[in-house]
Each structure stands twice: as structure tokens, then as C-alpha cells.
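[1] This is a predicted model, with the sequence first.
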Amino acid sequence: VLDPLASLTLVAGTQNSVARLSAEGNTAGQPAGTYEVAILLVRALQRLELEGDAATGTGVTLHSEQVMIEDSGRISADALGYRPGVNRGPGYAGPGTGSAHGGFDPGELGMPYGSALRPVDLGSAGGEGGSSFPGAPGGGAIHIVAESVLIDGTLSANGGQADTRHGSGTGGSLWIEASN
């Protein structure tokens with residue numbers, strides 16, 4: 001549990017910096033997975049990762065006055081959703097397959113789930129290719145509630161990539177509610 005933050009800035013140093021907030025944490029007075037930050041600034045070449053809770057299917061919500069991602073800065077939930085070994089998610093289709101989330105494929109994918117109007121679901125993990133190849137994780141879920149949002153960099157919730165031995169995870173969810 002964190003105290004509400006006046007600002008969170010990831011600044012460039014000699015190396016790329018990475019910070020991670022989890023759906024299992026929160027700021028004081030908020031539900032799990034919810035963080036209050038007055039000003040969130042992700043500078044160039046820096047990355048803020050937002051990790052979903054695969055056990056409960058919960059993503060991360062950021063409440064802020066201002067969210068800014070500079071060019072080449074990144075807020076990412078890539079491959080931080082449902083995972084093999086914890087909970088594969090509702091779109092899991094079985095061994096060796098991909099998975100489903102917000103769309104439908106009559107082929108080898110699982111059944112679609114989620115909402116286009118209130119996208120808060122984690123992406124499902126892909127199918128395993130045997131015990132040595134567990135399948136790729138799905139993307140996490142990011143919900144931003146802010147007065148203003150400026151994205152010159154990247155905001156993403158991609159699923160993990162497959163290889164020839166296991167299925168890929170599906171993308172997660174991105175939901176931005178901004179006044180300006």
C-alpha cells in the first residue's frame with residue numbers, strides 16, 4: 001500500500017529504467033490495483049509496467065490529473081495478464097492453440113469475452129506445447145482516469161508471442177477516460 005503520490009516521474013539515466021506497479025498493490029484508501037498519482041510522467045526511454053493479477057483477473061487503474069508519455073517512453077502491460085501455471089483465463093482454448101479475448105475466430109481460438117465499452121479484462125494465455133513449453137501469457141489491463149492524457153510514446157497491453165511449440169497470448173485491455 002502506497003500513500004497517494006503527488007507525482008511519479010521516470011527520468012532518463014545512463015540506462016533505461018523500468019518501474020512496475022501490480023494489481024495486488026494500491027494507494028491508501030483505494031481498492032486493490034488502483035493507484036492515485038497527481039501527475040504521471042514517463043520520460044523518453046523509460047518504461048512503467050502495469051502487472052495484472054492472474055489469480056483474480058484484475059488489471060491496474062491509474063487515477064491522475066495528468067498522464068504524459070514522452071516520445072519513446074512507454075506504459076506497458078505487455079504479457080502481464082493471465083499466465084500459464086496461475087490462471088490461463090476465460091479465452092484459453094487448449095494445448096497448442098492461441099487464445100481469444102475481444103474477437104471471434106471460428107478456428108482454434110477460445111471463446112471471446114470482455115466488453116468493448118468497458119474494457120477491463122486481462123488477455124488469456126496461449127496453449128501449451130508440452131510441459132517444457134507452457135504457452136505465452138496474455139496482455140494485462142490498463143485503465144487510466146485522468147483530466148488530461150498526452151501520449152507521444154507507447155501505451156500497450158499486447159499478448160506474449162508464440163513460437164513453433166506453443167500458442168500466443170491475447171492482447172489485454174486499454175481504457176482511457178479523459179476530461180481533456
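    Arrived safely.
[2] Residue 24 and residue 50, how far apart?
    Distance, residue 24 to residue 50, using C-beta to C-beta, to the nearest Å: 12 Å. C-beta: built from backbone N, CA, C; applies to glycine.
[3] Could you report the neighbour count for residue 92?
    Counted with other C-beta atoms under 10 Å, residues neighbouring residue 92 total 27.
[4] Ok, the one 3 residues further on next?
    With neighbours defined by other C-beta under 10 Å, the count for residue 95 comes to 14.
[5] if I look at residue 179, how far off is residue 147?
    For residue 179, the distance to residue 147 (C-beta to C-beta) stands at 5 Å.
[6] typed the wrong thing, it's residue 51
    From residue 51 across to residue 147, the span is 25 Å (C-beta to C-beta).
[7] Any idea which helix or strand in the protein has the lowest mean pLDDT?
    Least confident helix or strand of the chain, by mean pLDDT, DSSP states H and E, is strand 5-10 with a mean of 68.
[8] if we can go back for a sec, so for residue 51 and residue 147, which sits in the more crowded spot?
    Neighbour tally, residue 51 and residue 147, criterion other C-beta under 10 Å: the higher count belongs to residue 51, 20 against 11.
[9] Spit out the contact partners of the more buried one.
    Residues near residue 51 by C-beta atoms under 8 Å, 6 or more residues apart in numbering: 20, 21, 22, 23, 60, 77, 80, 140.
[10] quick one: which of these sit in strands?
    Among those, the residues falling in strands (DSSP state E) are 20, 21, 22, 60.
[11] Neighbours of the first one, how many?
    Pointing back at residue 20 there. The number of residues packed near residue 20 is 13, by other C-beta under 10 Å.
[12] what bridges to the closest residue to it other than its chain neighbours?
    Residue nearest to residue 20 in three dimensions, not counting chain neighbours: residue 49, with 4.3 Å by C-beta to C-beta, 6 or more residues apart in numbering. Here residue 49 sits in beta bridges with residue 20, residue 76, as judged by DSSP bridges.
[13] Tally up the residues packed near residue 72, please.
    16.
[14] again with residue 65
    14.
[15] how about it, phi and psi?
    phi -80, psi -40 (degrees, to the nearest 10).
[16] Repeat that for residue 175.
    Per degrees, to the nearest 10, the backbone of residue 175 is at phi -140, psi 120.
[17] Report the contact partners of it.
    Here residue 175 is in contact with 118, 119, 120, 141, 142, 143, 144 (criterion: C-beta under 8 Å, 6+ apart).
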